[in-house]
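> Requesting a structural model of the entry that follows:
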Amino acid sequence: MPFFTELFVSEIMKKPVLDPKGDELGKVKDLVIVKGEPLPKVSALIIEKKKNIFKFLWKDLNIFNKRIISANIYVEALLPYELNEKDLLLVRDILDKQIVDANGAKVVRVNDVKLQGFNSDAVLIAVDVGMRGILRRLGVERGGEDIMRIFKKHMSYNLISWNYIQTLEPKLTKISLTVPRQMVSELHPADIAEIISQISHKEGAVFFKDLDVDVAAEALSELTPETQVDIISGMETEKAADIIEMMPPDEAADILSDLPTEKAKEILESIEKEDAEDIQELLSHEEDTAGGLMTNEFIAYPPATTVRRAIDYFKKDAEEVETVYYIYITDDNEKLLGVISLRDLLLADLDSKLSDIMETKVKTVIPDADEIEVSEIVSKYNLVALPVVDTENRLLGIVAIDDIIDRISPPAAKRRRRKV
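Numbering: from 1, shown residues only. This next block holds a predicted model:
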């Protein structure tokens, strides 16, 4: 069956389909799409005549291009068609839908779809997400080009290959898009969060659930509290627990504090005991205090440890800790004795003990210190992390500078942590 070069779907919509004698069978209303190799393909045309809808198979077409569409069957062979949710229809289910442009890390709208001939089939090769697609559907694409020429400008094409997009709505997953999903997982967590923030909560949940657990954990930290709650609340407890477990304890505590109490308890009960205890400890503090801002993930070694051994330990321990600015020196009772910057550690003699090179005049705060006091100390002494200690100087955690910055420039909806 002849298929000439390529065309856009908008160029054949409402175009008459002729029988072998040239009589009109009906006008193109939609195209049925099925999975194909290497790309999804058109399996049938849906046509309409006098409010009656018919379907005929791709194999029954004779000519298919933007100038003429003809079939090798007559009206008697047409079968009535009733619109249903089982078929994937190009116009109904793809046009105007939101998709993820994994290359550009953004959500875009499908304004048109480009088809191309491949082994006697018509396959979907790209979507048009630009102004050209809109103008083409309105029938004024050429006029738009003329206007742009007056201003010595060129109206560029904004096409995204089908290989680089990911559908968001569940019914569109009938077309396999495994490669784009892998590409999305490789995006920066902030980019993933930006994509999720541009779509509905329902679509965001569908998009989020297919991410790898470690990627999901990082992306979740970048989302607004409301979106975090919507996503985690809608998840099965086991998967939600896997994601929460991968997060730094302070961020996990923030999210759990916003969840319904029952859901938060279910998740905590599904998390490893040690991790759950760390989170519970943080949940016991008000969020606008040093205890609420701190993380209880830090690196601390005994004073007798040599620099050589500390560096060896650090290479392993740092993999499990999100933020490392300093090495803290503590005794057997976890009392804070001193601190060493990573720079000083690397420049020190390898056989020196940590007690020989540590700074003993350490600025600290207690858990109940308010966020203003914490930020003032960090600013005054140019610190990148501030230790939080109890009344007996035992090291409980650290407040990192990025948490202070988040507090100075808070999100629109500021969390209030509650105990679970």
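> C-alpha only now, for contacts and for neighbours.
Fine.
> which SS class is the residue most central in space within the chain?
Nearest to the mean C-alpha position of the chain, by Cα atoms, centre = their mean, lies Ile192 at 2.7 Å. With DSSP: H, G, I helix; E, B strand; the rest coil as the basis, Ile192 sits in helix.
> Can you tell me the SS state at the closest residue in space to it that isn't next to it in sequence?
In space, and not counting its chain neighbours, Ile192 is closest to Ala219: 6.2 Å by Cα to Cα, 6 or more residues apart in numbering. Recorded secondary structure, Ala219: helix (three-state DSSP).
> what about Ala219, how many residues close to it?
Residues lying near Ala219 (other Cα atoms under 10 Å) number 23.
> Glu376 now?
By other Cα under 10 Å, the burial measure for Glu376, its neighbour count, is 12.
> That one - that's part of a helix, no?
Yes: counting by three-state DSSP, Glu376 is located in a helix.
> Look up how far Leu383 lies from it.
Counting by Cα to Cα, to the nearest Å, the gap from Glu376 to Leu383 is 10 Å.
> For the stretch 1-150 of the chain, which segments count as strands?
Under the criterion DSSP state E, counting those that start in this stretch, the stretch 1-150 of the chain contains strands at 6-8, 16-18, 24-34, 41-49, 52-57, 61-64, 69-71, 79-80, 88-89, 98-101, 106-109, 112-118, 121-128.
> likewise the stretch 201-350 of the chain?
Going by DSSP E, counting those that start in this stretch, the stretch 201-350 of the chain shows strands at 300-301, 326-330, 336-341.
> Alpha carbons of the last one, as CSV, please.
Okay, so that is strand 336-341. Taking Å, rounded to 0.1, in the frame of the first residue of the first chain, the C-alpha atoms of strand 336-341 are listed here in CSV:
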residue,chain,number,x,y,z
LEU,A,336,31.8,15.9,71.9
LEU,A,337,35.5,16.6,72.3
GLY,A,338,36.5,18.4,69.1
VAL,A,339,36.0,18.8,65.4
ILE,A,340,38.2,18.5,62.3
SER,A,341,37.5,19.9,58.8
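> pLDDT on it, on average?
The average pLDDT within strand 336-341 is 96.
> still on that earlier bit, which of the strands of the stretch 1-150 of the chain sits closest to Glu297?
strand 106-109 (33.2 Å; Cα to Cα).
> shaky segments in the chain?
1-5, 102-105, 145, 148, 151-152, 154, 165-185, 406-420 (pLDDT under 70).
> Domain-wise, how is it divided?
187-283, 300-408 (automatic domain parsing).
> export those domains to a markdown table and tack on distance to Lys50?
Shown next, in a markdown table, are those (distance: least, Cα to Cα, whole Å):
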| stretch | distance to Lys50 |
| --- | --- |
| domain 187-283 | 36 |
| domain 300-408 | 61 |
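> Let me know which of those is tucked in deepest.
domain 187-283 (a mean of 19; mean count of other Cα atoms under 10 Å).
> okay, how far is it across that domain, tip to tip?
31 Å.
> Which among the strands of the stretch 1-150 of the chain is found nearest to Asp402?
Comparing the strands of the stretch 1-150 of the chain by Cα to Cα, strand 106-109 comes nearest, at 25.4 Å.
> show me where the stretch 101-250 of the chain has helices.
Taking DSSP state H, counting those that start in this stretch as the test, the helices found in the stretch 101-250 of the chain are 131-138, 141-150, 178-185, 189-197, 201-209, 213-221, 225-233, 237-246, 249-258.
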